[in-house]
Every structure is written in C-alpha cells, then in structure tokens.
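Chemist: Have a look; sequence and predicted model below, questions after that.
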Amino acid sequence: MFFSSPNQTIRKAFNRIFDTTPLLISLVAALVVASVLLIAMSTDPLQAYRSMLNGAVGTENAFAETLVKAIPILFVAVGICVAFRGGVINIGGEGQMIAGALAGVSVALIATSLPGPLIILFSLTAGFVAGALYAGIAGFLKAYFNVNEILSTIMLNQIAVQSMNYLLNGVLLDPTEAGTNHIPKTAKILAEAQLPRFSITLPDAIYGALQGLGFAGTPELFARTRLHYGMIIAILLAVIIYMLLWRTTIGYRIRAVGENENASRYAGIHVPRQIILAMFIAGGCAGLAGVVQVLGLQYRLQTDGSATGFTANAGFNGIVAALFGGLNPLGAIPASAVFGGLLVGAQKMQRDMGVPAALITAVNGLIVIFTVSSQMFARRRARRRAANEPPRSERVLDAAVNTPMEQQT
Amino acid sequence: AQDEPFRVAVVSPSAINDLAFSQSMYDALLTIQAEMGEANFVFDFQEGTFVVDDAAVALRDWASSGNYDLIIAHGSQYGSVLEQLAPEFPEVSFAWGTDVNTFGLDNVFAYTAAADQGGFVNGALAALSSESGIIGVVGPVEVGDAKAYVDGFIAGAKAAKPDIEIQVNYIGSFSDVPLATEAANTFIANGADVLTGSAQMVVGAIAVAQENGAKWFGTQSSQSELAGDAGVLFQVYHWEVVLRDIIASIGEGKLGGESYILTLENGGLVMET
Amino acid sequence: MSATLPTGHRRIDQLEMRGIVKRFPGVLAVDHVDFDVCSGEIHALLGENGAGKSTLMKMLYGLYQQDEGVVRLNNAEVRIRSPHDAIQNGVGMIHQHFMLVPSLTVAENIALGMKSSRGWRLDLDLVSKRIRELSERYNLKVEPDIPTWQLAVGEQQRVEILRALYRGAALLILDEPTAVLTPQEVDDLFVILKKMTADGHALIFISHKLHEVLAISQRVTVLRDGRRVDTIPTEGATRLKLAEMMVGRPVVLEYERPEVTVYSDRLQVRNVSALNDRGEVGLRELSLSVAGGEIVGVAGVSGNGQHEMAQVIAGLRPLTGGKIEINGQDVTGRSPSVVRKMGVAYIPEERMIDGVVKDFTVAENLVLHDHGRKPFVSQRIFMNFKAIRDACQEAIRAYEIKTPGPDVPIKNLSGGNIQKLVLARELARQPQLLIAAQPTRGVDIGATEYIHRQLLKERARGTAILLISEDLDEIRALSDRIVVMYEGQIMGIVPGKDVNIRQLGAMMAGTPLDKVAEMS
Amino acid sequence: MIEQLLAPSVFAAAMRLATPYLFASLGEMFGQRSGVLNLGVDGTMLMGAFFGFYTVMITESLLLGVLAALITGLIMGLVTAFISVTLKAEQGISGIGIYLFGLGMSELLYQRLIGTPKSVSGFSNIYIPGLSDIEFLGIGEIFFRHNLLVYVAFALVPVSAFILNRTPFGLMIRAAGQNPQAADAMGVNVTRVRYITVMIGGMMAGLAGASLSIALLKVFQQNLTSGLGFIAVALVYFGRWRPLGILIGAMLFSVVQAIQLQISAIGIDIPSEFAVMLPYVITIIALVFASKRMEKPTALTKPFERGES
Ligand SMILES: Nc1ncnc2c1ncn2[C@@H]1O[C@H](COP(=O)(O)OP(=O)(O)OP(=O)(O)O)[C@@H](O)[C@H]1O
Ligand SMILES: Nc1ncnc2c1ncn2[C@@H]1O[C@H](COP(=O)(O)OP(=O)(O)OP(=O)(O)O)[C@@H](O)[C@H]1O
Ligand SMILES: [Mg+2]
Ligand SMILES: [Mg+2]
C-alpha cells in the first residue's frame, strides 16, 4: 500500500471500486427484497424509493439530516475499523456511546465556569475516555480471561442502559425536574458548551449553478439546518485513525495482532495490550459518538429507559458502515453518509407512504445480511486477483532466477 | 367553514395499536375526524419513533413543509427537540405532551393527563374489591405518566383501605413483556387478587390476571377486550378534549402558549369498564 | 472378479491414474501425471516440497477434483467426488497432518461417519471389539476408550491405520507417515506395512527419507514441479540417484563443518519445568547449556517437550520451576520482548502460524519485532517506510529471497522463501543465541542447503545455536552436540561426531543414555 | 424475608423463566458444537412466537401453533445456515442482521395480521397427578404444576445430551465443530451436518418463541422476547456447550431474575435499575469463570473449506 508506483496506485484504485461493487449490489438486493414487502403491503415501491431518495438528499435540509444521522455512525464505524483490524468483534457500541455521553454531559454540566471551547474539549475528552474504559472492560476480559467479547459487550450494553437510567433519575437529574414525573433528563448544557452549527458559504459560481438546477436555499449552505461541527470532528477522527492504523507503530501492532496473534506474540508484541488497546480506541470513538450527540444535537441527555432512544442504533449501524467502508476509516466516511441517507430516507418514506417503522427495521436487517454475505465475493475476487498478480508463483520466479539444469534421467 | 382541511401531523414512540399511550392519541384523532368530517380534518401519524432524533427529523420535515396547521410531538421525550425547533418556525403551531411546559414559547401547546386522578379511583376501587388484601402493580420505568398513575393508585388504595398491602414492581422497561408477565405471576403467587399496571408491556400481565381469576385495572386506553372478565375499570385518556381546544385556538390565530391537563372533571379522563 | 482381503473387504488388484492435471490459481500443481499401484505392492512417491505429491493423492481420496485425467480401479473408471466416495471404493488415506478429532476417543474417532449397527444409537462397544480384533491381527496396539489427544504421535498413527483398515481400505495412501516417528517406530511401522501387503493390500508411500523408500518400496515414482520425472523399480536405485531425480541437478548430502572458536556458555537452562498446552507437565527439571560458536541439536519425536523448551527460553511460556540465564543474566519469567532484547532470535517451527503475518507485505513482515526501532521509526511512533523498504530490498538481495518485491503480501511467496525471510529477520539482529526450530521443514533441497550454510556461518560468527529438528540427518550434519528429549526430559547428550543412529533411536524412544550404553 | 425470597413460588417462576432459554440455548448449542455461531436466535424466536401465536389465534389448535413455530424456525434456520455455512459470512455480524430482520418482520406481520394485542387460550398448566401434591420443600409447586412446554423444555436436556453423546449423528456434530477437516476426511458431510444443526437450532428457537407467545404469556407484541435470545447465546458459552451446563446456567439466571422480581414485589428498597442489571452482571462474572476452562468447539465461527488445514 505504501510502496506503490503510480501505475499500481491506479490499479489499486480500480480494484477498490470493484471491491465495493458487491457491497453496492448487496444494498440494491436488500432494497429489491424490501420492494417485495412493499408490494405485499400495496405500496408502490418506485414511489416509495423516490420518496426515500427525496428524504435523503432531496432538499438542503434532507441532506443535512442525512449528514447529521451519519455523524454518530461514522464515529462508531471508525472505532470498529480499529477493533476489527485488531481481531476484536465489538458489538458494544451502544453501551460505549452511553458511557461517553454520560461522562461528557457530566463534565459539560460541572465545568461551567470554564470558557466554552475548553468545556467542549474536556467534555469530548471525558466522552472518549469513558467509552474507552467501558470497552476496555470487554477488552481486558478477552485478553486475560478469554471471555468472548461478542457476549460481554452485549451484556455491557444492557448494563450501560440501566446505569444511564439510574444516573439520570438520580445525581444527573435536571434539578428543576426533581420531584416531578417528567422523563429523566439532565439539565441543558450551556450555550457556549454546545458544538456550533456548521454551514458553508457557497461561491457565487456554484450557487448560481445550483440555482439553475432548482436549488431553493440561500448561499449559506446548511445555515438553517441541524448540521453541526461534530461532522468535522468525525472526519478528522477518521483521518487520524487512518494514520494511526497504517502509519504508526501502534496501528501496525494492532493490525499484526489482528491478523496473526501467534506471530505477533513470537515477535515480542504484547498481545493482551494490543487487544485492550484496540478495544479501547474503538470504545473511545463510540464514546465520542455519544458525547457529540449531546453537545451537537440534543444539548442534554435523556432516557426513555432504552438504549435505542438515545443511540438510534448507531452502535450497530456503525458496524455495518465499517464493513461497507472495507474496514478502512476513510472508506467509512462515504459509507456512513450512504447509511445515514438510507435511514433518514426510510423515515421519509414512512411518513409519505405510511409504511410501518417495523419494515425499516427489517430492511435494515436485510442490508446487514446482504453486506456480510457479499464479503465472500469480495474475498474471492481478492484471491483471484492475488493469483493473477504477476509474477507470483515460485515456479515463474525460479525460471527467472536460476535456470535449473536439464533433467538427467 | 374552511375550504382547506385542518392538517395535523403526529409523531409518537410506540405503535398506534398499543392499547396504551399511542393508541389513546390515535383514537382521539379518529374521534375528531369523525366529528369534523374527513373532508375537513386530515392527519399524518408517524408511529414507532422511539428514537428521539428520528422524531426530530420528522418534526423538522413537517414544520419546514408549511403544510400543517398543527404538529404534535406525542411523547415527553420529545420535549427538548421541540424546545429547539419551535423558535425556528414561529409561524407553525406545535403541541406536545405529556407535560405542562410550553418553554415560554407562544407557538407551543403542552398537554398532560392527571393520571394520578384515575389512578386514585382505580386504587380505591381495587382496594375495596380485593379479598386477599394484596394488590400487585406492574410499572415500566419509574417516571412520567406511569409513575403518576402508580402514585395515585397507591394513594387511592391506602385511602380506601389503610391496611392494604401493595406490591409494586417497576421492571425497568417499556417493552419487556416476559418480565412484566412474570412480575404479575409473582404477585399472584404472593397472594394478590387484584392487579394493575401501566404502559404497553402489561399485555401479558393482563392475561395472567385473566387466567388466575384476578381483577385487572388499567390505564391510558381501554383494555377491556383483552382483559375480558378480569377487566374491572380503565382510566381512558380522551385527548380529543384537549385537541378541540387547541384547534379552536389555532382558528383564532393563537398558535400556542397554553397548557392543558386531562382530568376527570373536564372529561378528558374517563373511567370505563 | 477380485478377491477379498482378510478384513473381509474387496481387494484392489490394480489402481491406475492417467493424465491427471490439477491447477490452482497461479500454480499447475499436477501436470499430466500417470501413476499406478497393484495389490501386494508398495509404490513410493518422491519429490521435493510442493512437487505435487499430496495434491495427487488428495485427488485419489476425493479431497480435490482433478481438472483432467481418469482414475481406473480394477480396470473400471471411477469418479471420486468426496472422501466418502473414496472410502466406498476401498481407498484409505493417512494424512500428512493427522486427521483425528482430539476430544473424541479412539473408538469414537473410528466410528465417526460410519453407520451404526444399532441404527440411531452408537455401538461403541461393538466398535471397540472389532478394533481389538483388528489390532490383534496387525499388531497395532491401541486402547479404544482413550481420548486421542492423550495419545503419543506413534499411537495416533496406529489409530489412523486401524481406522483405514476398519473401513475396508484395500488401498492405503500414507502421506509422510514416518516424519514424526522414532527409528524404532519406523521399523515397527514397516513390519505392519509388509504384513498388509502380504495380505493383498496396495500401498502408496510418500516420504522424503530416501533410505526409507529404498528399504520398503518395490517401485518409486519421482515428481518434480507437478510432472512425473520417471517411475523406476527400487532395486538398483541409490540415494544419490533418487535425490538427483528429485532436484534435477547433483546435490550435496554432507556439509563441511569447520572447527570454530567456542566461547563461554551463552544459554544456561537449569532445572526448568513447565506445563504443556493441555496443562500437563511438559518439561521436567531440564538442564542444558549452549556456548557461543556451538550448535546444539535437539533430537526427539515431536511432542516430547522441544516446542515447550523453545518457548520457555523465548519467554513465550511460563515456567513452573527452574532458572534460565542468557549471557549470565537471569531472564526467568521475563517477557518475550525483554528476552529478544537480550539478543535471542527465534525461528519458530510453524512459520505460517507463528513466524509471519500472512496478509502483511514482505517488508512489513521483515520488521515484525524491530518495527519500533531506529531506523524503522521516526518521531517515536510513525513508521519510516522508506527505511523499511530499503532494509527489505537489502534482505531480499542478501538472502536470495524470490519475490516480486517488498510490497507483496508474504503469503504469495513459497514456503522456502518465507523461511528465508524469517531467517533474514532473525539474523539481522546479530543474535547472541539463535533458537532454530525445524528451520528446513517444508523447504526444498536448494533452500535447505542455503539455510544450513547460513546456520554454519552464524556458528562461525560465535552465535550460540539451539537447533531443534525431527530430521536426524539435519541434526547429525550440523550439531556439535546432540541432546535427545523424551517426555520433557533429556535422555542424554552425545557429541555430534560419529553418533550412533541406533543409540539415538533408543534415546528418542525413552531409554536414557546410560541404559543404552549398558545394552550395547 | 429470606423465607419469602426463597419461597417455592419463586423457584416455580424460575422454572417458567428458564423454559424459553432452555429451548433456545439447547438448540443454539447444536449449532455451536458443529462450529456455527448463530447470534440471530432472538429474531428467530420472534418469528416463531408470531407464527405460533397467529396460528393458534386462527385455528385454535395448539398443535398447529407449535407446528407453525417449528416450521418458521426451520426456515429461519435454513436461511441462517445458507448465510453462515454456504456464503461463509462473518457469523457475529450476520446474526445481528437476522435478529433485526426477525424483529422488524414479526412486528410488521403483527401489525398487518393482528393489529391490536389479543390473547389466546394457549397451553394451560398440567398438574402431574400425585407429584404435584408433594408438599415437602414445595416440590409439587416448583416442579409439577406447569404447562406442557415447560416439561418439554426440561425433558430436552437429557434428550440433547443423548443425541450429542450417544448417537452417530452427535459424533458427527462434535467432530465437525472440533476438527472439520478430519470429519470431512472420514466421509462426514460437514456442510450437511452444520445445516442440520443450525436448522435444529432454528426450530428450537421457534419453539422458544412459541413457549412465550402461546404458553407462558399467551399474547404477542412487537419485540416480545426483548433480547432474551442473546442471553440464550451467552448461556451456551456459560454452560460450556453441554446440556447440563446450559440447564445450570439457565436456572441460575432465572432464579436470580425470579428473586429480583420478588425483591421488588415485597418492597425491599434497592434501585430497580440495579435489580434489572443484576442478571447481566452475573452473566459476565460467570463468563469469566466459565471461560477459564474453555472447551469451546475449536472450529466455532470458522467456515469450512475442504482441503484447507
Ligand atoms: N489448496 C491449494 N491452493 C492453492 N495451491 C495449492 C493448494 N494445495 C497445494 N497447492 C500448491 O500445489 C503445489 C503442490 O503441493 P503439494 O502439497 O501437493 O506438494 P507436496 O509434494 O505434497 O509437498 P510436501 O512435500 O510439502 O508435502 C504447491 O505449489 C502448492 O503450493
Ligand atoms: N492455500 C493456498 N492458496 C493460494 N496459494 C497457495 C496456497 N498454498 C500455496 N500457495 C501458493 O503456491 C505457491 C507454492 O507454495 P508452496 O509453499 O507449496 O511452495 P513450495 O513448492 O513448497 O516451495 P518451497 O520449496 O520454497 O517450500 C506459492 O506461490 C504460494 O503462494
Ligand atoms: Mg511446500
Ligand atoms: Mg505433501
């Protein structure tokens, strides 16, 4: 990947596109299956999908909502890239998001005397650390007690929800709500602790062109939407984690352990430490997802007793986005956006067409199934490609390097 | 006397047929529609929106479309979303519940139910009809409407029969039917002959009451069909009482700033058998 | 009409493979090979690693499907699509890696996949009874009720043979059956094989050990690069001739081992004990020392503690007792990275599992443990890919590693070249002590020669070398002293020169050196 | 107080609570012993619960209801096997997909076909004559006053043990999970074995769902199982892939849950959140101890490819 000539780079880019083909096909396949369900419910699938597309990118606001939805998914997905590269299946994004949000909101509510940027910084840090430590439990149990991390993270998700319910009903409860019967929630964080909304001013030329295409908004793109700076943080994080994974010794060790635990151990790499670290980073990213939801969007943490009410399943969807992005943090950026659009668009479809929310859950499941299943085809391709990469077989090389003597018998 | 129908959009957490919270609103909208006629009143309903952030997207979409006369966020978890959203669309009227807080905004109505009132009635009657002197209460999470109902229920029962034993179990979930059911079984095994409970996961508990010859008292919607012989009394929410007022206000050009409470007195809460 | 065998199964009078071709992506593994074997015959199959021997046999056993060619059994064409088909046709196979389910007992392993005489219930008692009968007849002693993980390697092999016989194998393929046996066990095996041929079984025998092939077979077929070089009668063949047929050029079978300066002890192992993977005692009170400039060969049947010993020294396995010193410094219980910093290099025996990260590039693999050191790292955590690449180019050149370049995944290299890379990596650090476990296993003769020369060069440089190998020829060719291990203990230490092979064999089978001396 | 917490009724409740776990975990165990992790049990349970319930609602035949649940589970199992065995998808994640699909699909069907919560008459309790009257230690109440499916679930423990340890098929399952290459070389069709075990697992998950919807709860609602299937998977690890271990795990978990219910009911004042989280905490602790002496099927989650060793 790093020693490539320009020619190789082009070939690799080309291969990447082909590697994503099975994923896109799987996406389409899931939607085709979903259209069967739609027809069964006497809904016109074409119209439904048009509504979906419209809901995802049809308007400035829709597009902004797509990105808003993508933010926590991207955070989680970036972390999942590290975990999976390190050979750890982290299903605990939901719980880690909650842990991050709890710590982050606590800091934001306590450190009110500090300047805004510092509150944000400390709050984000607290969120990262809390998520990291929480995931670290599962990492520790896997590294030292051989506890299957899939199971422990699922259990930890449940524990996180109950802890959130307990804290939001207790010490973190908004003092003005104490004694009332309102939904448990924290106080609102200070305005200066909130992540600013994000907008860009379009250059005249582009704006003109967009207007020509029927764009109705102002040149201040996203100004009247909920899009916030969490997006920029998430993208920065993706780049940093990309560098970490492929440019630093830390990432090298994590990947080495993920690919081959034994060889790493033999080479003197402390395997348990890498497992915990991978889980730690993954959890930290998920923790950031949680705290950014609070600082950028909800400005307080509240619970309806379930995890989903807060996380919107980003802890799971992040896994799918990571797979979609080829377990590469940079690939996770477009993957999360696509996934965010899918979810936001599906909601629109639900509103426009009266499709039940349950259908969207089912389709979500189909997308996961088709995505993981399509990996086999990607693997096959990769193998075939490896086979065709010249010159490869030892025999070819043999012939080139030392011409053997003629056989003698 | 309008040409255009009155348009309402509603988002709610659970399903419209939950025999509880969401259904109470859905039924109320149907009632209003029957009253005003389908040509004059239409509504869009996005159910199953447990995810607060998804509700935010929906509310924003509706608000920015400019197509609706009233947008209802039916769930107290949607409050902070509305608090942010409403100021951005001052020309649109919003309503939300269950709460009394309009955030000082004059385009937000708030509504809630004095669930403790019907709870009190249910509790008193339950205590009087219990022979064993033990009553079981299944709650979801110890907050909001459910807590109000349960607190009212306990107060009513104690008032009617001070020595009544009330066993309460908040199972920690709005959806865990197996656990709620087993909680009901536990009460029965402990000698309870009257059960009550709030929220949509009580359906199994109702079946337990029926099977064991215990009595069931319900809240939010009528569960008489499910409860059969076991069902005694249901506190039913009639949001149409509130909706009528809100619609009238909007007709007069007043987009919010008011809060409403369903009570037994104003007919918003009705005890049904 | 073919006769039946004493086991009651149908005899295979003749099996013929004609024009067999098998391609793998990028490799023509088997290229128009003809091969045949008759009842009562042992036909040996010879060839370097990767020549296609196992692939050819796996097709006969239904594990692979040939791309071209036919198989004829007693002159009738058969199509073998799965091991199930093979078994139905009376073909059995003892694999290079044993195919037993460790948690199952001997009887269960043998009953696996067979119809039970009791229908839906297992009939293990009946199976055990038949096992006893069969083991009586062929002198294959095994206990039916013991889980197979408790068996020694030789016993496991007996179970495999029994299983094949039990299932009515009239033709038995033995893929490198002697690789893991002591000389004595090899002798025992040969007795069994001869008995089987006398009974009318047909046997195919694969081995790298030329003297074994000469001792047991009637005919030899040599494969090279997937093609059949020739089939010749064993009578009249010599080791040198067979070796040349395999390699395609004259080969050296002995090395010069010049006298070098011997330094003080680099490695001191004192009374070390440790558990094996199953939690049993794997090493008992083991003591050993290796001096600089000395090669100490460790002989023994695999699974007798060699692996555990290497791991304990490298810091990869906790000890339950004893002490290890390197250069006089106590490293007992220290982590692998500390031990490596003391100047220990380790060529692990399972190179694909423990030696390299398959999906990493050649360059990335080269720095598997030095990735955190200058010059491979800049500003403490960023990897310096230029330096790594340069170092890799240099290693490729110096160690004659055949690869398209430093940045291809290492799994694309052949076994011998992967081993050379591991060697390059381990020697790059100019170690004080080199642990070389099976350094030439699965490596062809050319690369073996090269690796042996490198080891001798290291010895000349003054490195202490602990050479663990199951290949007695290798041990004898390279070692200054030979240590024989049995069940985690040292049976004796003998000088490498003029060692008596019988003596070694007896020690490998568990007789301590002093007893061996008494016997002779 | 202790007396109340350890009353026979608490243990009887534990027996009921354990029933769906037993069905689902024993079924999952077969799949895992052959090398396939199915994390989608909960989705299959929901589908089984729905179709079992719906069939009983329409036909009023419990037999048909059970049959419908079994067939539903079988089909879900077939799909799962196709994804994990044939397409060799990463099992930890495809399971999540199957779960989400089952969750959404069962709710969708419920909304379309039933609409509003209804109850069916379902399996009623069978008092085993004689035994159910045993007063001693509350044995009668604890063990012998349950509905048919509770008895079936417990009976399946020895049956599963028998299948696994005493039949040729059990032998194949164990071999396929420990050393599929070896099993294949012995003529065992590893793929077929795995398909069958995953389908058995599916059927038992379907039955687990039905045990809720037509026996224990007698109602259906969206997400009826509320994550019970995931605990069932954990119990397989906990029980170290043995029926008896699973029984112990399921009972431990259920007893804790039943006691937790009783704690709240009799008004012992600990925050309900802690009571609810208790079983999960205990599961994690138990996993720590269970994992120490792992006897995990070596090939678990590893797709089988002939000729690769
Ligand atoms: N499954 C496979 N996929 C791709 N290539 C393979 C596969 N199996 C074997 N090969 C290749 O086929 C060739 C023949 O291998 P084979 O295992 O038959 O050699 P062999 O003669 O048995 O060697 P050894 O002495 O190491 O056992 C080698 O180049 C090998 O890499
Ligand atoms: N399972 C496999 N899948 C794909 N390619 C394989 C596989 N096994 C081996 N190969 C390829 O086959 C070629 C030969 O591999 P192998 O290790 O068997 O070589 P070899 O002939 O034994 O060489 P050497 O003598 O150097 O050990 C290599 O290029 C390797 O990449
Ligand atoms: Mg080879
Ligand atoms: Mg071979």
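Modeler: Happy to help now that I have it. Ligands and ions are numbered 1, 2, ... in the order given.

Chemist: from here on, contacts and neighbour counts on C-alpha atoms
Modeler: OK.

Chemist: Residue numbers of the stretch 201-350 of chain C in contact with chain A?
Modeler: Within the stretch 201-350 of chain C, the residues that sit near chain A (C-alpha under 8 Å from any C-alpha of the partner chain) are C:225, C:229-230, C:244-245, C:248-249, C:316, C:335-338, C:340, C:346, C:348.

Chemist: Pull out the buried residues from those residues.
Modeler: Using 16 or more other C-alpha atoms under 10 Å in any protein chain shown as the burial test, those include C:225, C:229, C:244-245, C:248, C:316, C:335-337, C:340, C:346, C:348 as buried.

Chemist: What about those residues, which are in strands?
Modeler: Counting by DSSP state E, these place C:229, C:346 in strands.

Chemist: Out of the buried ones among the residues of the stretch 201-350 of chain C next to chain A, flag the one nearest to ligand 1.
Modeler: Of all these, C:Asp225 has the smallest distance to ligand 1: 7.8 Å, by C-alpha to the nearest ligand atom.

Chemist: phi, psi of the closest one?
Modeler: Backbone geometry at C:Asp225, expressed as degrees, to the nearest 10, gives phi 50, psi 40.

Chemist: Kindly tell me how buried D:Ile270 is, as a neighbour count.
Modeler: Residues within reach of D:Ile270, counting by other C-alpha atoms under 10 Å in any protein chain shown, total 10.

Chemist: nearest residue to it other than its sequence neighbours?
Modeler: D:Ser264 (7.9 Å; C-alpha to C-alpha, 6 or more residues apart in numbering or on different chains).

Chemist: Where does pLDDT dip in the chain?
Modeler: Since you didn't name a chain, this refers to chain A. Confidence mapping of chain A against pLDDT under 70 gives the ranges A:1-20, A:178-181, A:378-409.

Chemist: Correction: the question concerned chain D.
Modeler: Looking at chain D by pLDDT under 70, you get D:291-294, D:307-309.

Chemist: just the strands in it please.
Modeler: Assigned by DSSP E, chain D shows strands spanning D:125-127, D:145-147.

Chemist: Same check on chain B?
Modeler: Using DSSP E, strands in chain B cover B:6-11, B:41-46, B:70-74, B:94-97, B:108-113, B:134-139, B:165-170, B:194-197, B:215-220, B:231-237, B:259-262, B:269-272.

Chemist: Could you check the fourth one and say which residues are buried?
Modeler: Which is strand B:94-97. For strand B:94-97, by 16+ other C-alpha under 10 Å, it's B:94-97.

Chemist: what does the first one give?
Modeler: Along strand B:6-11, the positions that meet the burial threshold by neighbour count (16+ other C-alpha under 10 Å) are B:6, B:8-11.

Chemist: For ligand 2, what's the nearest residue on the stretch 101-250 of chain B?
Modeler: Nearest residue of the stretch 101-250 of chain B to ligand 2 (C-alpha to the nearest ligand atom) works out as B:Asp176 at 48.8 Å.

Chemist: correct me, but that residue touches D:Leu224?
Modeler: Yes - taking contacts as C-alpha atoms under 8 Å, B:Asp176 lies within contact range of D:Leu224: 6.8 Å.

Chemist: So the two - more neighbours on which side?
Modeler: Neighbour totals were compared for B:Asp176 and D:Leu224, and D:Leu224 leads with 28 against 23 (other C-alpha under 10 Å).

Chemist: How much space separates the nearest residue to the more buried one once chain neighbours are set aside from B:Val202?
Modeler: In space, D:Leu224 comes closest to B:Val177 once its chain neighbours are excluded; the distance is 5.9 Å by C-alpha to C-alpha, 6+ apart. For B:Val177, the distance to B:Val202 equals 7 Å [C-alpha to C-alpha, to the nearest Å].

Chemist: repeat for B:Val150
Modeler: B:Val150 sits 14 Å away from B:Val202, going by C-alpha to C-alpha.

Chemist: try C:Val344
Modeler: Separation of C:Val344 from B:Val202 (C-alpha to C-alpha): 68 Å.

Chemist: just B:Ala157 next, same as before
Modeler: 20 Å.

Chemist: cool, and A:Ile137?
Modeler: Separation of A:Ile137 from B:Val202 (C-alpha to C-alpha): 35 Å.

Chemist: more neighbours, those two?
Modeler: Neighbour count, other C-alpha under 10 Å: between A:Ile137 and B:Val202, B:Val202 has more, with 28 against 19.

Chemist: give me every residue that touches that one.
Modeler: Residues in contact with B:Val202 (C-alpha atoms under 8 Å, 6 or more residues apart in numbering or on different chains) are B:138, B:177, B:180-181.

Chemist: which stretches of chain C have low pLDDT?
Modeler: Along chain C, segments meeting pLDDT under 70 span C:1-2, C:251-255, C:442, C:444-445, C:518-520.

Chemist: which bits of it sit near ligand 2?
Modeler: Counting by C-alpha under 6 Å from any ligand atom, chain C comes close to ligand 2 at C:49-50, C:411-417, C:442-444.

Chemist: among those, who's most crowded?
Modeler: Ranked by neighbour count (other C-alpha under 10 Å), the residues of chain C next to ligand 2 have C:Gly416 at the top, with 24 neighbours.

Chemist: So which elements touch the helix or strand containing that one?
Modeler: Following DSSP states H and E, one finds C:Gly416 within helix C:415-428. Judged by 3 or more C-alpha pairs under 8 Å, 6 or more residues apart in numbering or on different chains; DSSP states H and E, helix C:415-428 is in contact with strand C:344-347, helix C:362-366, helix C:385-398, helix C:445-461.

Chemist: Now with 7 Å, please.
Modeler: If you count contacts as 3 or more C-alpha pairs under 7 Å, 6 or more residues apart in numbering or on different chains; DSSP states H and E, helix C:415-428 packs onto strand C:344-347.

Chemist: Partner strands of the strand it packs on, with direction?
Modeler: Paired with strand C:344-347 in the same sheet, following DSSP bridges, are strand C:433-437 (parallel).

Chemist: can you map out the strands along the stretch 101-250 of chain A?
Modeler: A:200-201, A:220-221 (DSSP state E, counting those that start in this stretch).

Chemist: if we compare these, which one ends up closest to C:Val260?
Modeler: The closest of the strands of the stretch 101-250 of chain A to C:Val260 is strand A:200-201. By C-alpha to C-alpha, the value is 75.6 Å.

Chemist: what does the closest one contact?
Modeler: Residues outside strand A:200-201 that contact it (C-alpha atoms under 7 Å, 6 or more residues apart in numbering or on different chains): A:219-222.

Chemist: Please convert the buried members of those into ChimeraX selection syntax.
Modeler: Filtering the contacts of strand A:200-201 down to the buried ones (16+ other C-alpha under 10 Å) takes a single ChimeraX command:
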select /A:219,221,222
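
Chemist: And the contacts of strand A:200-201, which two are furthest apart?
Modeler: Largest separation among the contacts of strand A:200-201 by C-alpha to C-alpha: A:Pro219 and A:Phe222, giving 9.0 Å.

Chemist: Show me the chain divided up by domain.
Modeler: In the absence of a named chain, chain A is used. Chain A breaks down by automatic domain parsing into domains covering A:17-43+A:356-384, A:67-354.

Chemist: other chain: chain C
Modeler: Taken from automatic domain parsing, chain C resolves into C:14-247, C:265-354+C:429-519.

Chemist: who's in contact with the closest residue in space to C:Ser217 that isn't next to it in sequence?
Modeler: Nearest residue to C:Ser217 in three dimensions, chain neighbours excluded: C:Ile42, at 4.8 Å (C-alpha to C-alpha, 6+ apart). Contacts for C:Ile42 (C-alpha under 7 Å, 6+ apart) come out as C:202-205, C:217-219.

Chemist: now these in JSON lines, with secondary structure?
Modeler: What follows is these, written out as JSON lines (DSSP: H, G, I helix; E, B strand; the rest coil):
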{"residue": "C:Ala202", "secondary structure": "strand"}
{"residue": "C:Leu203", "secondary structure": "strand"}
{"residue": "C:Ile204", "secondary structure": "strand"}
{"residue": "C:Phe205", "secondary structure": "strand"}
{"residue": "C:Ser217", "secondary structure": "coil"}
{"residue": "C:Gln218", "secondary structure": "coil"}
{"residue": "C:Arg219", "secondary structure": "strand"}
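
Chemist: With that, I have no additional questions.
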